[in-house]
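1. Kindly return the folded structure for what I paste below:
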Amino acid sequence: MEIAYRESRAVLDAQKRTISEIDDKATRAVRITVLLLGGLISVWQFAGTVFNTWLAFWGGVSLFCSLGFGVATYHESDLILGPTEEYLDELNYQSESLEGGWETDLVDSYSGFVGTNAEDIEFNGNLLLGQQVFLVEGVLLFGLSIVF
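-> Residues are numbered from 1 along each chain as shown. Presented below is the predicted three-dimensional model:
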């Protein structure tokens, strides 16, 4: 039982590191996007005729979508990293009704935590991918707006 607890705890810690890395990447990409938007808006004000209007417009829309996905990625993180207050209260007041003792129930609960966290990490990974796709698309469209 102790080995199962340690392994479950190690998985939860690894999930925490993974979501922290995703949040860090999202934050960095949001900063880059804000700098790009600020720079491109400044250039637009001085040399607006250089840009193809429609390509620049859709490039801006893509960059704003990238911002939205980035903020959503960062704020979506809500992992379960251990027993919740509700679980501990239940354990405290109903521990005699648990078959196999509280240790067994805790390890069993960890499997639910790991599964829920895996779903959250997958969702955040998809949001981060969307952010990156919109960022690249926005930069590409702005680049094309100068060429055409």
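
2. Now do the helices in the protein.
-> 2-47, 53-76, 85-94, 101-147 (DSSP state H).

3. which one of the ones you listed has the lowest average pLDDT?
-> Among the helices of the chain, helix 85-94 has the lowest mean pLDDT, at a mean of 75.

4. and the angle for it with helix 101-147?
-> With axes from the mean of the first three to the mean of the last three Cα atoms, to 10 degrees defining the directions, helix 85-94 sits at 170 degrees from helix 101-147.

5. in helix 85-94, what's buried?
-> Tyr87 (16 or more other Cβ atoms under 10 Å). (Each C-beta comes from the backbone N, C-alpha and C, glycine too.)

6. again with stretch 49-66
-> Within stretch 49-66, the residues scored as buried using 16+ other Cβ under 10 Å are 51-52, 55-56, 58-60, 62-63, 65-66.

7. Just the residues contacting that stretch, thanks.
-> Contacting residues not belonging to stretch 49-66 are listed as 29-30, 33, 36-37, 40, 43-44, 130-132, 134-135, 137-142, 144-146, 148 [Cβ atoms under 8 Å, 6 or more residues apart in numbering].
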